[in-house]
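Participant: I would like to see how this sequence folds:
(2 chains)
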2 protein chains.
Amino acid sequence: MWIPAQLLKLIEAFKKLPGIGERSSSRIVFYLLRDRDVLDELKSALELADELKFCSVCHTITDVDPCPICSDPERENGVLCVVERPEDVFLLEKTGSFRGRYHVLGGVISPINNVKPEDLHINDLIERVEKESVREIIVALNPTVEGDITAHYLADLLAPLGVKITRIARGLPTGSDLALADETTLKEAIEKRTELK
Amino acid sequence: MWIPAQLLKLIEAFKKLPGIGERSSSRIVFYLLRDRDVLDELKSALELADELKFCSVCHTITDVDPCPICSDPERENGVLCVVERPEDVFLLEKTGSFRGRYHVLGGVISPINNVKPEDLHINDLIERVEKESVREIIVALNPTVEGDITAHYLADLLAPLGVKITRIARGLPTGSDLALADETTLKEAIEKRTELK
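Facilitator: Numbers count the residues shown, from 1 in each chain, chains lettered A, B, ... in the order given. Presented below is the predicted three-dimensional model:
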């Protein structure tokens, strides 16, 4: 059966992206071949990727190093928010409710995926705690088993440095429904209930 | 809130692809920034798109013009399969059950989307019928209202040329379940029942 090799390579390339299977990839590729404007826009956008790098201080994605958050004198000193991935920084920034600085671990400790503490940006987190006189570390890792393991690992490691370690709250998402919550979430929401004043 | 302009442009570019929303786009972009090999593969694949064009005879996507199907002397003469899009050619080729040649209309007649017969490759279909002494046209358009309108339009147009016009069968998909079929499909499956011999 004939099919142009270039077409196959295009479909293969899109299939490597997360959430894109054979059918979606094929749909995207034929769409691009029909709409050359969208294709050209995508090509120029991908060229811009070369201008993005990881911040040498906090490891988020940035076009200037250090990133504008790390070099902003207006941000609160002494409070670091620890996240797993660069995208988490932008998600938290959108809320506008954190005025300190960030530290991207680049992953979480995971025995299953063979991710060990030394694979993460933990050493330079310790350095920052000392250098930047950090008094509070807010752990904003995903509320998963691996997030928990990593949070406890950090707590043990940072305790001798006299830094306060907090973790973002768990409970029912605002606007959700008790009936849709899983048992663990409900259990934690009861245990971590707060007093109405 | 700070976010690198290049990052925004990348997310915008992927959002223009079919089936990709804000969240998927963001997920893909951060994935690409972490995995530069996948990014480079995608970039080179997109360069290959320039080598792909539409066949001047049948209008499918091809790297050589006319496409290998149109120029293959082994393909059966006199039978054309009419499809909506280039991708339909490859879908049908995969089945290996058609040995004639194809003709891609580039769309279907659609009053709602303002697609008129003159927007489609219909004129040169008529030319091919005469030039290639076509005796049968198999209409393999989608079984939709617009596919039906287009099929009947073609039948009326081609009738005076004495060419036989057939349409691919409708009914229950093999391996499916009566309970999952919609009413129209079931109705048609009963009406178009075939005798067991």
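Participant: contact partners for the residue lying farthest from the centre of chain A?
Facilitator: Most distant from the centre of chain A: A:Met1, at 43.7 Å, with distances by CA atoms, centre = their mean. Going by CB atoms under 8 Å, 6 or more residues apart in numbering or on different chains, A:Met1 touches B:93-94, B:96. Placement of C-beta: from N, CA and C, glycine included.
Participant: quick one: which of the residues you listed is most hemmed in?
Facilitator: B:Glu93 (17 neighbours; other CB atoms under 10 Å in any protein chain shown).
Participant: show me what contacts that residue?
Facilitator: A:1-3, B:69.
Participant: can you lay out those as a markdown table showing secondary structure and pLDDT?
Facilitator: A markdown table is the format used below for those (DSSP: H, G, I helix; E, B strand; the rest coil; pLDDT from 0 to 100):
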| residue | secondary structure | pLDDT |
| --- | --- | --- |
| A:Met1 | coil | 82 |
| A:Trp2 | coil | 88 |
| A:Ile3 | coil | 93 |
| B:Ile69 | coil | 97 |
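Participant: list buried residues within the residues you listed.
Facilitator: A:3, B:69 (16 or more other CB atoms under 10 Å in any protein chain shown).
Participant: what's the closest of the contacts of B:Glu93 to B:Ala155?
Facilitator: Of all these, B:Ile69 has the smallest distance to B:Ala155: 24.1 Å, by CB to CB.
Participant: just want the most central residue of chain A.
Facilitator: Most central in chain A (CA atoms, centre = their mean) works out to A:Arg85, at 2.4 Å.
Participant: domain parsing for chain A?
Facilitator: A:5-48, A:75-195 (automatic domain parsing).
Participant: relative to B:Val115, which of those domains is closest?
Facilitator: domain A:5-48 (13.7 Å).
Participant: buried residues in stretch A:81-97?
Facilitator: Neighbour-count burial for stretch A:81-97 [16+ other CB under 10 Å]: A:81-90, A:92-93.
Participant: er, stretch A:45-58 actually
Facilitator: A:45-46, A:48-49, A:52, A:54-55, A:57-58.
Participant: so of these, which ones are in strands?
Facilitator: A:Phe54 (DSSP state E).
Participant: can you list the buried residues of stretch A:45-58 in a markdown table and add distance to B:Glu76 and pLDDT?
Facilitator: Listed next are the buried residues of stretch A:45-58 as a markdown table, based on distance: CB to CB, whole Å; pLDDT from 0 to 100:
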| residue | distance to B:Glu76 | pLDDT |
| --- | --- | --- |
| A:Ala45 | 45 | 97 |
| A:Leu46 | 43 | 97 |
| A:Leu48 | 49 | 96 |
| A:Ala49 | 48 | 96 |
| A:Leu52 | 53 | 97 |
| A:Phe54 | 58 | 96 |
| A:Cys55 | 63 | 97 |
| A:Val57 | 68 | 97 |
| A:Cys58 | 65 | 97 |
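Participant: which of the buried residues of stretch A:45-58 are close to chain B?
Facilitator: A:45-46, A:48-49, A:52 (CB under 8 Å from any CB of the partner chain).
Participant: follow-up on the earlier one: let me know the closest of the contacts of B:Glu93 to A:Arg128.
Facilitator: A:Arg128 lies nearest to A:Ile3 out of those, by CB to CB, at 52.7 Å.
Participant: find the nearest non-adjacent residue to that closest one, please.
Facilitator: B:Phe90 (5.6 Å; CB to CB, 6 or more residues apart in numbering or on different chains).
Participant: can you say which helix or strand has the one you found in it?
Facilitator: helix B:86-95 (DSSP states H and E).
Participant: could you identify the helix or strand that succeeds that helix?
Facilitator: Defined by DSSP H and E, the subsequent element after helix B:86-95 is strand B:101-104.
Participant: quick one: contacts of the helix or strand following that next one?
Facilitator: Once strand B:101-104 ends, the next helix or strand along the chain (criterion: DSSP H and E) is helix B:123-131. Identification of contacts with helix B:123-131 by CB under 8 Å, 6+ apart yields B:57, B:80, B:82, B:103, B:105, B:134, B:137, B:154, B:157-158, B:161, B:163.
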